[in-house]
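Undergrad: just to be clear, the model below is a prediction. Sequence and coordinates:
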Amino acid sequence: MPPEASAGPLSDRLRSRTVPPGVTAPCPRIAPALVRILFAAGCLLVAALSPARSGPGGAGSRRTAAAPKDLSGGSAPRIERTLSLVLIAAVLVALGATVFIIVAPGEGEKFTEFYILGPTGKAADYPTEFMSRTPQTVIIGIGNHESRDITYTVETFAVESRFDDATNRSTVVSATLLDRFSVTVPDNRTVEQPYTFRIMDPDVNRLEFLLFAEPPPEEIPAGSLIGAGYRNLHLWLRVH
């Protein structure tokens, strides 16, 4: 089962990748579709503005000249042309609104990804059972989709927790700060980096990861770790 945490000292081996375009930018396939729609709308506009063509024998021009007048004195074809222009204008306005919604980032799209992977870069083989004092490695991932560059702070804690049968909840007995580091992630980018940690106390059964988008507090009470960060994750451990 994938762990629920990540953190550690900043490594020189840092690699970043561009987030797929669909996250905060329009898909490249949209452009050809918009071109086709605009071309069709342009054709309709030209057809509406061009004079009526006469049919065989010039009957068309005679029909146009003899077209009935409406109550305000305008000809029926002119009314039809006006209605066509209004319809085309409505289509163009709707199209423009659609393009704006697709291109402009919405407030609801702002978020930060925070995750850890196993040492091989996959969501598997997490170091969950090992001997105390031995080095263990995970990979931390931070994805910035906040529409601005952010310098994040990550804190890791070695936590000893006990399950309370009476309350059916886990209670934090102790929490020791292992590492604190900062990493700047540009907007619409994801940074992944290795993090190596050592658990010295066999009583520790959880590794807590806190991510802060703002400067973190100087001290966090052990009982307030959960929910203390902008993003929180943890990895259950069995230390021998």
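TA: Cool, got the structure. The model shown is predicted, which means the values in this text are computed figures rather than measured ones.
Undergrad: was I right about Val183 contacting Tyr152?
TA: Yes - in this structure, Val183 is within contact of Tyr152 by C-beta atoms under 8 Å, at 5.7 Å. (Each C-beta comes from the backbone N, C-alpha and C, glycine too.)
Undergrad: need the overlap of contacts for those two.
TA: Ile142 (C-beta atoms under 8 Å, 6 or more residues apart in numbering).
Undergrad: quick one: which of the two has more around it?
TA: Just comparing Val183 and Tyr152: by other C-beta atoms under 10 Å the higher neighbour count belongs to Tyr152, 22 against 18.
Undergrad: and Tyr115, how far is that from Ala166?
TA: Using C-beta to C-beta, to the nearest Å, one gets 33 Å for the distance from Tyr115 to Ala166.
Undergrad: go on, Ser147?
TA: Distance from Ser147 to Ala166, by C-beta to C-beta: 46 Å.
Undergrad: neighbour count winner among these two?
TA: Set Ser147 next to Ala166 and count neighbours by other C-beta under 10 Å: Ser147 wins out with 14 against 5.
Undergrad: list the helices and strands the lengthiest helix in the chain packs on?
TA: Looking across the chain with DSSP state H, the single longest helix is helix 76-103. Applying 3 or more C-beta pairs under 8 Å, 6 or more residues apart in numbering; DSSP states H and E, we find helix 76-103 packed against helix 30-49.
Undergrad: what average pLDDT does the helix it packs on get?
TA: Taken as a whole, helix 30-49 has a mean pLDDT of 63.
Undergrad: domains in the protein, by residue range?
TA: The chain breaks down into these domains under automatic domain parsing: 15-19+109-239, 30-103.
Undergrad: buried deepest among those, which one?
TA: domain 15-19+109-239 (a mean of 16; mean count of other C-beta atoms under 10 Å).
Undergrad: mind listing what whichever strand or helix holds Thr153 pairs with, with the direction of each?
TA: Thr153 is located in strand 150-164, with elements delineated by DSSP states H and E. Sheet pairing for strand 150-164, assigned by DSSP bridges, gives strand 169-185 (antiparallel), strand 206-212 (antiparallel).
Undergrad: how about TSV for these, with mean pLDDT and distance to Thr134 added?
TA: Below are those laid out as TSV (pLDDT from 0 to 100; distance: least, C-beta to C-beta, whole Å):
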stretch	mean pLDDT	distance to Thr134
strand 169-185	93	14
strand 206-212	97	14
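Undergrad: now the ones you listed in CSV, with distance to Glu219?
TA: Listed next are those as CSV, based on distance: least, C-beta to C-beta, whole Å:
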stretch, distance to Glu219
strand 169-185, 9
strand 206-212, 13
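Undergrad: tell me which of those strands lies nearest to Tyr126.
TA: strand 206-212 (9.9 Å; C-beta to C-beta).
Undergrad: state the mean pLDDT of the helix or strand that that closest one is followed by.
TA: Per DSSP H and E, the first helix or strand lying C-terminal to strand 206-212 is strand 231-236. Throughout strand 231-236, pLDDT has a mean value of 96.
Undergrad: for the next helix or strand after strand 231-236, name the packing helices and strands.
TA: Counting by DSSP H and E, the element after strand 231-236 in chain order, helix or strand, is strand 238-239. Counting contacts by 3+ C-beta pairs under 8 Å, 6+ apart, strand 238-239 packs against strand 129-130.
Undergrad: repeat the analysis, applying 7 Å as the threshold.
TA: Applying 3 or more C-beta pairs under 7 Å, 6 or more residues apart in numbering; DSSP states H and E, we find strand 238-239 packed against no helix or strand.
Undergrad: got the contact list for that strand?
TA: Strand 238-239 is contacted from outside by 128-130, 132, 199, 202, 204-205, using C-beta atoms under 7 Å, 6 or more residues apart in numbering.
Undergrad: how does it look with 10 Å?
TA: With C-beta atoms under 10 Å, 6 or more residues apart in numbering as the contact definition, strand 238-239 has outside contacts at 128-134, 136, 158, 160, 199-205, 207.
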